[in-house]
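Asks: Just need the structure, nothing else, for what follows:
(one chain, ligands or ions: 1)
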Amino acid sequence: MRGKFVTFEGCEGSGKSTQLKLLSEYLTSVGADFIMTREPGGSAISEDIRKIILSGKNTAMCDECEALLYAAARIQHLREVIAPALDAGKLVVCDRYVYSSLAYQGFARGLGEKFIEEINAVALRDYPPDMTVFLDISPKDAFKRKHGADKNDRIEQMGMDFHEKVYAGYKSLLEKHPDICAVYCGGTKFETAETIRKLLRDKNIIS
Ligand code: TYD
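Replies: Residues are numbered from 1 along each chain as shown. Okay, here's the model as predicted:
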């Protein structure tokens, strides 16, 4: 039987990395058969594409190129890592997936949902996530907590207007896609981790 596929989404500084680390520790402690991976990246070729996308040097990159590179990194990662793990019955937890492209490139860059859905057709059709956890905190509150943006990351360096658009994009995705579950993450990291574990139990992803 195919394993479950769970993806995590959120704006910059939403605490995704911290939560994924805590979840990984928990899953290891209960002996779960899982892999944890991330986008863009997760395989050697996709990590190379990640460097091109995020490099601070690549300010000339057009929006369509950016969206296509995310989609290219994704399909390689899917074929090489995610699909084999799911087919082997493992739980796959992935840091970002197609909803990131819809929020960042489709919504905030203005490329539209249709274009993003088309270039991610295989991922959406053959490997949709069983559920997505959206860590819900506004970019303003997130950057306050994080003390500013990473200077070496081209996407983080975009202004607050861009990040507000990404947040609005996620909010509109939440209304349309019931498989996305919002988790308020303004409390302590341990409170958020407990809420996430409860959600995963309620959805029969973990026991
Ligand atoms: P990363 O350092 O992994 O950021 P985070 O910890 O916030 O996930 O960088 C990934 C960046 O790429 C992040 O700014 C979100 C962006 N992104 C997109 O714009 N579209 C996508 O499809 C994906 C997967 C990520």
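
Asks: for the ligand, what are the nearby residues on the chain?
Replies: Contact residues (Cβ under 6 Å from any ligand atom) of the chain with the ligand: 12, 16-17, 39-40, 54, 70, 95-96, 100-101, 104-105, 153, 155-156. Heads up, the C-betas are built off the backbone N, CA and C, glycines and all.

Asks: what's the next secondary structure element after the lengthiest helix in the chain?
Replies: For the chain, the longest helix by residue count, based on DSSP state H, is helix 160-176. Following helix 160-176 in sequence order, the next helix or strand is strand 180-184 (DSSP states H and E).

Asks: Run the angle between that following strand and helix 160-176 for me.
Replies: If you take axes from the mean of the first three to the mean of the last three Cα atoms, to 10 degrees, strand 180-184 sits at 130 degrees to helix 160-176.

Asks: And the residue nearest to Gly15 when sequence neighbours are not counted, its phi and psi?
Replies: Of all residues not flanking Gly15 in the chain, Cys185 sits nearest, at 5.4 Å (Cβ to Cβ, 6 or more residues apart in numbering). When read as degrees, to the nearest 10, the backbone of Cys185 gives phi -130, psi 40.

Asks: OK, contacts around Cys185?
Replies: By Cβ atoms under 8 Å, 6 or more residues apart in numbering, Cys185 lies in contact with Gly10, Ser14, Gly15, Gln19, Leu135, Asp136, Ile137, Thr192.

Asks: at 7 Å what do you get?
Replies: Ser14, Gly15, Leu135, Asp136, Ile137, Thr192 (Cβ atoms under 7 Å, 6 or more residues apart in numbering).

Asks: What about those residues, which one has the most neighbours?
Replies: Greatest neighbour count in these, by other Cβ atoms under 10 Å, goes to Ser14: 26 neighbours.

Asks: quick one: secondary structure of the residue nearest to that one when sequence neighbours are not counted?
Replies: Spatial nearest neighbour of Ser14, chain neighbours left out: Leu135 (4.0 Å); criterion: Cβ to Cβ, 6+ apart. Three-state assignment for Leu135 (DSSP: H, G, I helix; E, B strand; the rest coil): strand.

Asks: to the chain's geometric centre, what's the distance from the helix or strand harbouring Lys114?
Replies: Using DSSP H and E, Lys114 maps to helix 113-119. Taking Cα atoms, centre = their mean, to the nearest Å, one finds the center of helix 113-119 at 17 Å from the center of the full chain.

Asks: Dump the C-alpha coordinates for stretch 157-175 into PDB.
Replies: Taking Å, rounded to 0.1, in the frame of the first residue of the first chain, the C-alpha atoms of stretch 157-175 are listed here in PDB:
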ATOM      1  CA  GLN A 157      15.100  39.500   0.200                       C
ATOM      2  CA  MET A 158      11.900  40.400  -1.600                       C
ATOM      3  CA  GLY A 159      10.100  43.300   0.200                       C
ATOM      4  CA  MET A 160       7.300  42.900   2.700                       C
ATOM      5  CA  ASP A 161       4.600  43.600   0.000                       C
ATOM      6  CA  PHE A 162       5.700  40.400  -1.800                       C
ATOM      7  CA  HIS A 163       5.500  38.300   1.400                       C
ATOM      8  CA  GLU A 164       2.100  39.800   2.200                       C
ATOM      9  CA  LYS A 165       0.900  38.700  -1.200                       C
ATOM     10  CA  VAL A 166       2.300  35.200  -0.600                       C
ATOM     11  CA  TYR A 167       0.400  35.100   2.700                       C
ATOM     12  CA  ALA A 168      -2.800  36.200   0.900                       C
ATOM     13  CA  GLY A 169      -2.200  33.500  -1.700                       C
ATOM     14  CA  TYR A 170      -2.000  30.800   1.000                       C
ATOM     15  CA  LYS A 171      -5.200  32.200   2.500                       C
ATOM     16  CA  SER A 172      -7.100  31.900  -0.800                       C
ATOM     17  CA  LEU A 173      -5.700  28.400  -1.300                       C
ATOM     18  CA  LEU A 174      -7.000  27.400   2.200                       C
ATOM     19  CA  GLU A 175     -10.500  28.400   1.100                       C
END
